[in-house]
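1. Prediction below, plus the sequence it came from.
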Amino acid sequence: MENHMQSGARDSSGVVLGALLVFAGMLFLLYQLGLADMAAAQWPLFVIVPGLALILVSLAGRSLGVFAIIGSIVLVTGLVLAVQNAFGVWAAWSYAWALIFPGAIGLGVAIIGAERHDRRHVERGLRMFAIGITMAVIFGMFFEGVMHVSGVVLAPAFGIVVPVFLVVFGFALLAASVLRGRSFSEQRPGGR
């Protein structure tokens, strides 16, 4: 039974790898024939496509799950580079790093959990992904709104948006802490 599962995973990974090589070869051929100019604006595709490929490889078998995390890191890095390239906001790395760690790593953990039908891993991964996005937004608001690292001028309402965001975020943290404390005390024998 185990040999059958291992050979099935090996066959699946061969199919996925073969399809990826065909796709990469076609892209390279189009580029060589001058039908696709990826050098100027589309160069982040050379980072995004391998990230997607690694995620697909990770879905080919249980033993290849680690490629989901590596692929997520490469994919999210490529997406960040694409946004930076499109808008010329290279200083955004001062806060975009949070999208990669813990964000992309969480995405990879969630993909592994989904592939293995492990709800706990999916939840943990999505939580890490949400933390990464939240950190990037908070740091982005500071670095772009207060320090203007990219030279991007945010709307004049920024002076109102940040305090409102902080109040809402603070209330959300308080509510989560109180609810977590209540559920913990209800789970203890004897409760309160």
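-> It's in.
2. contacts, neighbours, all on C-alpha from now
-> Noted.
3. Heading C-terminal from the helix or strand of the chain with the lowest mean pLDDT, find the next helix or strand.
-> Across the helices and strands of the chain, mean pLDDT, DSSP states H and E gives its lowest value to helix 2-32, namely a mean of 57. The helix or strand immediately downstream of helix 2-32 is helix 45-58, counting by DSSP states H and E.
4. Show the secondary-structure elements that that next one is packed against.
-> Here helix 45-58 touches helix 2-32, helix 66-87, going by 3 or more CA pairs under 8 Å, 6 or more residues apart in numbering; DSSP states H and E.
5. List the buried residues for the last one?
-> Pointing back at helix 66-87 there. Residues 66-82, 84-85 are the ones in helix 66-87 that count as buried (16 or more other CA atoms under 10 Å).
6. show me where pLDDT drops low in the chain?
-> 1-41, 153-165, 175-176, 179-192 (pLDDT under 70).
7. and if we set it to 80?
-> For the chain, the stretches with pLDDT under 80 are 1-42, 145, 151-192.
8. So it: which segments form each domain?
-> 2-154, 159-192 (automatic domain parsing).
9. Who are the contact partners of the residue found closest to R119 once you drop the neighbours it is linked to in the chain?
-> Leaving aside its sequence neighbours, R119 sits nearest to G113 (CA to CA, 6 or more residues apart in numbering; 6.4 Å). G113 makes contact with R119, R120, H121, V122, G125 under the criterion CA atoms under 8 Å, 6 or more residues apart in numbering.
10. Out of those residues, which end up buried?
-> Buried among the contacts of G113 by 16+ other CA under 10 Å: H121, V122, G125.
11. tell me the SS of S150?
-> Under DSSP: H, G, I helix; E, B strand; the rest coil, the three-state class of S150 is coil.
12. mind listing what it touches?
-> S150 neighbours (CA under 8 Å, 6+ apart): V89, W90, A91, A92, E144.
13. Swap in 7 Å and give it another go.
-> V89, A91, A92, E144 (CA atoms under 7 Å, 6 or more residues apart in numbering).
14. who are the neighbours in contact with G78?
-> P44, L45, V47, I48 are the contacts of G78 under CA under 7 Å, 6+ apart.
15. now I111
-> Contacts of I111 (CA under 7 Å, 6+ apart): A68, V122.
16. Please tell me how far it sits from G125.
-> According to CA to CA, to the nearest Å, I111 and G125 sit 8 Å apart.
17. Any of the contacts of S150 buried? List them.
-> A92, E144.
18. Export the contacts of S150 as TSV, with columns for secondary structure.
-> Shown next, in TSV, are the contacts of S150 (three-state DSSP):
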residue	secondary structure
V89	coil
A91	helix
A92	helix
E144	helix
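19. What is the most widely separated pair among the contacts of S150?
-> V89 and E144 (10.3 Å; CA to CA).
20. Of the buried ones among the contacts of G113, which belong to helices?
-> Applying DSSP state H to the buried ones among the contacts of G113, the entries found in helices are H121, V122, G125.
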